[in-house]
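J.: Sequence first, then the predicted structure, then my questions.
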Amino acid sequence: MTDEELVVAYAEGNNSAFDILLNRHRTNVYSYIYFIVRSKELAEDIFQETFIKAIVTIKQGRYTENGKFRAWINRIAHNLIIDNFRQEKNEHTISNDDFEVDLFNNARLSDETIEDSMVKTQILADVRKLIDYLPDNQKEVLMLRYYRDLSFKEIADITGVSINTALGRMRYAILNMRRIAEEKSMILTVE
């Protein structure tokens, strides 16, 4: 039987006719969907929706016989793929109307510019210079904490001092760095 004869038979109540259509076009339709969406789960969902929509359309008598069932079923799949992409796009869209501040003109949400990168590089170089001005015991604690990411307990064990002494040295290191930065008129923030 041709596709068109199977559609007519199914519309008249022969459910096995649709099984034949499904088996005949299963591989082609699924491959087409998967080729576009590149996700097995999504392809399976759209594949099922495609044939459900075909069933409903045929049962409602809205299928127009034109001898091109394969093109028709692929068109349904194609439209469902487009609907899915539109839905995903809408789910990831942010409305600026919901916020008082302008989300789209927020520097924190944009990619770093070359100027920002240069400023950060300069700030890091300035911080390294400030560290060089510190007494050795404060410099050691600061380097272990921020450059080796050690806990104060680990720092205390390595340096042979109490945790409170390590904390105190860190506090004085930060205070001294702030004082030296002010004296040398260094700006250590990015605006």
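T.: Sure thing, it's come through.
J.: residue contacts, residue 133?
T.: Contact analysis of residue 133 by C-beta atoms under 8 Å, 6 or more residues apart in numbering lists 176, 177, 180. All C-beta spots, glycine's among them, are computed from the backbone N, C-alpha and C.
J.: repeat that for 7 Å
T.: Counting by C-beta atoms under 7 Å, 6 or more residues apart in numbering, residue 133 touches residue 180.
J.: Could you check how far it is from residue 126?
T.: 11 Å (C-beta to C-beta, to the nearest Å).
J.: cool, and residue 187?
T.: Here the criterion is C-beta to C-beta. By it, residue 187 lies 9 Å from residue 126.
J.: repeat for residue 115
T.: Taken as C-beta to C-beta, the spacing of residue 115 relative to residue 126 amounts to 16 Å.
J.: before we move on, what about residue 179?
T.: 14 Å.
J.: Neighbour count: those two, which is higher?
T.: Counted by other C-beta atoms under 10 Å, residue 179 and residue 126 do not tie: residue 126 has more neighbours, with 16 against 12.
J.: what helix or strand is the more buried one on?
T.: If you go by DSSP states H and E, residue 126 is part of helix 114-133.
J.: now that helix: how far from the chain's centre is it?
T.: 31 Å (C-alpha atoms, centre = their mean, to the nearest Å).
J.: Could the C-alpha coordinates of it be exported in PDB?
T.: What follows is helix 114-133, C-alpha atoms only, in PDB (Å, rounded to 0.1, in the frame of the first residue of the first chain):
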ATOM      1  CA  ILE A 114      41.800  45.300  26.800                       C
ATOM      2  CA  GLU A 115      41.900  48.500  28.900                       C
ATOM      3  CA  ASP A 116      40.400  46.600  31.900                       C
ATOM      4  CA  SER A 117      42.900  43.800  31.400                       C
ATOM      5  CA  MET A 118      45.800  46.300  31.400                       C
ATOM      6  CA  VAL A 119      44.500  48.100  34.500                       C
ATOM      7  CA  LYS A 120      44.200  44.800  36.400                       C
ATOM      8  CA  THR A 121      47.700  43.800  35.300                       C
ATOM      9  CA  GLN A 122      49.000  47.100  36.600                       C
ATOM     10  CA  ILE A 123      47.200  46.700  39.900                       C
ATOM     11  CA  LEU A 124      48.600  43.300  40.400                       C
ATOM     12  CA  ALA A 125      52.100  44.600  39.600                       C
ATOM     13  CA  ASP A 126      51.500  47.400  42.200                       C
ATOM     14  CA  VAL A 127      50.400  44.900  44.800                       C
ATOM     15  CA  ARG A 128      53.500  42.900  44.200                       C
ATOM     16  CA  LYS A 129      55.600  46.000  44.800                       C
ATOM     17  CA  LEU A 130      53.700  46.700  48.000                       C
ATOM     18  CA  ILE A 131      54.400  43.200  49.200                       C
ATOM     19  CA  ASP A 132      58.100  43.800  48.800                       C
ATOM     20  CA  TYR A 133      57.900  46.700  51.300                       C
END
